[in-house]
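Novice: Below are the sequence and a predicted model; questions follow.
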Amino acid sequence: MAMAMRIFSAASSFVSHYPKTIAVVTVTGLGLFGVKKWMAGGVCHSKARLDGKTVLITGGNTGIGKETAVDLARRGARVILACRDMGRANKAAEDVRRRSGNDNVIVKKLDLASLQSVRQLAKDIQASEERLDVLINNAGVMSCPKWQTEDGFEMQFGVNHLGHFLLTNCLLDLLKKSAPSRIVNVSSLAHERGYIYFNDINQDKDYHPWKSYSQSKLANVLFTRELANRMQGTRVTTYSLHPGVIWTELGRHLWSTIPLWKRVVSTPFMFLIKTPAEGAQTSIYCAVEENLQNKSGLYYSDCAPKTAAPQGLDDEAAKKLWDLSASMVGLT
């Protein structure tokens, strides 16, 4: 009791002697809390259940993909995690089952840098699953060096766009059979700085990691628009989205290229950006929100529709990209 009284007395003395300091600290703290809350963005408030429905999420073993899996599993869905690293995927599936209380969570092998792997997964899903209600194209790579996929495509365009383009097309019949069904493409605000280099799609002449990433994210938006046009009358709807600024493993290549002094300076601000759970909200919203059932081809951010950049609204470019992509992956 005596110790508590001494602590209280010391605290009271500090407050009385340094009222301005206390005020500054309080205001600063409240300001940072407000910024953190603003950065967290929108929240999906839908209570929709997914009992009896099947969801496939690419890259669902970490980051926003994993958080999306937990939420949809809690809603009763059968969740398929399509991942490259089976060891990590199996551990993630165990965690998703534990956190959601839903044991109907399975793992499938998928390497989006291999068209053969994409086709094998699609064939597996078609043979083993009676339905597919939601496909979430979530996996991706960001700002990596000039790498190539197994088929010789520039890595970011190959993984972020071409792999998902082929997977989606291979699963369209099952999605149509399960309609109403949804396709959710995780894009990025980076699409606003993107351009489709039709004459150098693999950027062999002038590669820059961020330029390539922006191209691939713009491709996600254009793919969504053209797919919506092609799916009219099928009750298969499509959505693209910006999840927000999030610190996940996706940024591992970008972080390593930043000078050390910039990393040190920026580290204290990391707590302001979204957590994976906060970043997953718009993916979840596009997958379950009842009011979106009759909307298709639009772009979303913070659980609300947002106008995409002008180059993301170019239907002629969207069709041209579709034709080029189909040729590149051998889609007939």
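Specialist: Here it is on my side, so go on.
Novice: So what sits opposite residue 134 in the bridge?
Specialist: residue 55, residue 182 (DSSP bridges).
Novice: ok, it touching residue 48?
Specialist: No: contact criterion Cβ atoms under 8 Å: residue 134 and residue 48 do not qualify, at 11.1 Å. In short, each C-beta sits where N, CA and C put it, glycine included.
Novice: Show the residue spans covered by the helices in the stretch 51-200 of the chain.
Specialist: 63-74, 86-100, 115-128, 155-157, 164-177 (DSSP state H, counting those that start in this stretch).
Novice: now these in JSON lines, with mean neighbour count?
Specialist: Formatted as JSON lines, the helices of the stretch 51-200 of the chain follow (neighbours: other Cβ atoms under 10 Å):
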{"stretch": "helix 63-74", "mean neighbour count": "25"}
{"stretch": "helix 86-100", "mean neighbour count": "17"}
{"stretch": "helix 115-128", "mean neighbour count": "16"}
{"stretch": "helix 155-157", "mean neighbour count": "24"}
{"stretch": "helix 164-177", "mean neighbour count": "20"}
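Novice: Let's have these in TSV, adding distance to residue 287.
Specialist: Shown next, in TSV, are the helices of the stretch 51-200 of the chain (distance: least, Cβ to Cβ, whole Å):
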stretch	distance to residue 287
helix 63-74	6
helix 86-100	15
helix 115-128	17
helix 155-157	24
helix 164-177	13
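Novice: In contact with the nearest residue to residue 307 once chain neighbours are set aside, which residues?
Specialist: The shortest distance from residue 307 to any non-neighbouring residue, by Cβ to Cβ, 6 or more residues apart in numbering, is to residue 299 (7.2 Å). For residue 299, the contact set (Cβ atoms under 8 Å, 6 or more residues apart in numbering) comprises 187, 221, 224, 239, 240, 241, 242, 305, 306, 307, 308, 312.
Novice: CA-only coordinates of the helix or strand hosting residue 299 in PDB, if you can.
Specialist: Element membership for residue 299 (DSSP states H and E) is strand 298-301. C-alpha atoms of strand 298-301 as PDB (Å, rounded to 0.1, in the frame of the first residue of the first chain):
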ATOM      1  CA  LEU A 298     -15.900  -2.700 -60.600                       C
ATOM      2  CA  TYR A 299     -13.000  -1.700 -58.400                       C
ATOM      3  CA  TYR A 300     -13.100  -1.400 -54.600                       C
ATOM      4  CA  SER A 301     -11.100   0.000 -51.800                       C
END
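Novice: Direction included, what does that strand pair up with?
Specialist: Strand pairing (DSSP bridges) places strand 298-301 next to strand 236-242 (parallel), strand 304-305 (antiparallel).
Novice: So for residue 61, which of these sits nearest?
Specialist: strand 236-242 (19.9 Å; Cβ to Cβ).
Novice: So what touches the closest one?
Specialist: Residues from elsewhere that reach strand 236-242 (Cβ under 8 Å, 6+ apart): 172, 175-176, 179-189, 191, 220-221, 223-224, 227-228, 231, 282-283, 286, 292-301, 306, 308.
Novice: quick check: angle from that strand to helix 164-177?
Specialist: Note on geometry: by axes from the mean of the first three to the mean of the last three Cα atoms, to 10 degrees, strand 236-242 and helix 164-177 are set 140 degrees apart in direction.
Novice: for strand 236-242, the distance to its chain's centre please.
Specialist: 11 Å (Cα atoms, centre = their mean, to the nearest Å).
Novice: ok, and the closest non-adjacent residue to residue 71?
Specialist: Residue 71's closest residue in space is residue 284 (Cβ to Cβ, 6+ apart), at 5.0 Å.
Novice: what helix or strand is that neighbour on?
Specialist: helix 281-288.
Novice: So what does the closest residue to residue 180 other than its chain neighbours look like in phi/psi?
Specialist: Distances taken as Cβ to Cβ, 6+ apart place residue 235 nearest to residue 180, at 4.4 Å, with adjacent residues excluded. According to degrees, to the nearest 10, the main-chain angles of residue 235 amount to phi 70, psi 20.
Novice: my guess is residue 303 meets residue 244, correct?
Specialist: No: counting by Cβ under 8 Å, residue 303 stays clear of residue 244, with 10.3 Å between them.
Novice: Contact partners for residue 185?
Specialist: Counting by Cβ under 8 Å, 6+ apart, residue 185 has contacts 137, 164, 220, 221, 223, 224, 238, 239, 240, 241.
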